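Visitor: After the sequence you'll find the predicted model.
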Amino acid sequence: MIELGSHTLISGGGGCLSLALEDVSPLTIKEIAQRALELCGYSYEFQKERFSAIVWEDRLEVTE
């Protein structure tokens, strides 16, 4: 579970999180994604509003 202000993100299990939030700023979505990665032991600062991040076989793959 990740809490950011009044927003809470809970994984359904299986290690997969999907962010498709309405009425949430792009900055907040980036912060949530960054915190999720930090919980997995990764550090990355997203630059663009649209991005994807996948951790596969202990490697972080980011597309922006």
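Guide: Cool, got the structure. No experiment lies behind these values; they were computed from the predicted model shown. Numbers count the residues shown, from 1 in each chain.
Visitor: So R35: helix, strand or coil?
Guide: Assigned by DSSP: H, G, I helix; E, B strand; the rest coil, the conformation of R35 is helix.
Visitor: That one and T28 touch, don't they?
Guide: No - when contacts are counted by CB atoms under 8 Å, R35 is not listed as touching T28 (10.7 Å). For glycine as for every other residue, the C-beta is placed from the backbone atoms N, C-alpha and C.
Visitor: Settle it for me: which of these two has more neighbours?
Guide: T28 (16 against 13; other CB atoms under 10 Å).
Visitor: so which strand or helix has the more buried one?
Guide: Per DSSP states H and E: T28 is located in helix 26-39.
Visitor: Please name the residues that touch R50.
Guide: Contact criterion CB atoms under 8 Å, 6 or more residues apart in numbering gives E64 as the residues in contact with R50.
Visitor: one more time with 7 Å
Guide: For R50, no contacting residues are found, by CB atoms under 7 Å, 6 or more residues apart in numbering.
Visitor: can you confirm it is in a helix?
Guide: No - per three-state DSSP, R50 lies outside any helix segment and is coil.
Visitor: I appreciate the help and will end here.
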